[in-house]
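Colleague: Structure, please.
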Amino acid sequence: MNSFLLDTHILIWFLTNDDSLNKNIYEDIEYFQHFYHVSVETLREIVILRSTKRIKINYSLDEIINYLKKVRIDILSIEVSHVRALEKLSMYREDRKIHDDPFDRMLIAQANAENMIIISSDDKFPPYQKYGLKLLVNEK
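Modeller: Here you go, the predicted structure:
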C-alpha cells in the first residue's frame, strides 16, 4: 500500500473542507484508503503562517493534532536522514531560479528519504521529480 505525504496547503484544504482539494483525494484520505502522513514541518509552517496572519484557520495546533489522530494521519518527525536528503537537493529549479522555501524543501527531502508520494498543487514541486520525488498533483 502506498504512503503519502500531504503538502501544507493540501492539509489545510482537507481540514477546512476546501473545494480546492480534489474530491477523490479528499475521499481517499477520509476513508483511510492509504497511509497518510503530515510532517512536523507542515505543522510548524501552519503555526507560523497563522501567527503572521498569512492564513486563516480556526484550529489550534492541539486541535489539528487530535484531528489527525482521529483520521489516522501520522505525524512524521524530522530525522537526520531527512536532513541528509535535504543536503542533496539542488537549490535551483529548472528555470535556474532559486527555490529557497525551507518548508517545501524539507517536505521534498522527507518524501524522498521515506519513499513517499507527496500530494501537492505547488508548481515548484515537479522539477524535483528528476531527483526521485514521487508526486501526485492535486488537480481540481
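
Colleague: Counting neighbours, which bits of the worst-scoring helix or strand of the chain on mean pLDDT end up buried?
Modeller: Lowest by mean pLDDT, DSSP states H and E among the helices and strands of the chain is helix 23-30, with a mean of 92. By neighbour count on 16 or more other CB atoms under 10 Å, the buried set for helix 23-30 is 25-26, 28-29. For glycine as for every other residue, the C-beta is placed from the backbone atoms N, C-alpha and C.

Colleague: Distance check, the residue of the chain most remote from its centre against residue 90.
Modeller: What lies farthest from the middle of the chain is residue 96; by CA atoms, centre = their mean that is 23.5 Å. Note on residue 96: its distance to residue 90, by CB to CB, to the nearest Å, is 10 Å.

Colleague: just residue 34 next, same as before
Modeller: For residue 34, the distance to residue 90 - CB to CB - is 29 Å.

Colleague: Next: residue 79.
Modeller: Taken as CB to CB, the span from residue 79 to residue 90 is 21 Å.

Colleague: Next: residue 136.
Modeller: Taking CB to CB, one finds residue 136 at 22 Å from residue 90.

Colleague: go on, residue 8?
Modeller: Taking CB to CB, one finds residue 8 at 21 Å from residue 90.

Colleague: residues in contact with residue 6?
Modeller: 14, 29, 36-38, 42, 73, 118-119 (CB atoms under 8 Å, 6 or more residues apart in numbering).

Colleague: nearest to residue 86, of those residues?
Modeller: residue 118 (13.9 Å; CB to CB).

Colleague: Spell out the residue ranges of the helices in this structure.
Modeller: Remark: helices assigned in the chain by DSSP state H are 8-16, 23-30, 40-51, 61-70, 80-88, 102-114.

Colleague: okay, those in CSV with distance to residue 131 next?
Modeller: Below are those laid out as CSV (distance: least, CB to CB, whole Å):
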stretch, distance to residue 131
helix 8-16, 20
helix 23-30, 23
helix 40-51, 18
helix 61-70, 28
helix 80-88, 7
helix 102-114, 7
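
Colleague: Worst mean pLDDT among these?
Modeller: Ranked by mean pLDDT, the helices of the chain bottom out at helix 23-30, with a mean of 92.
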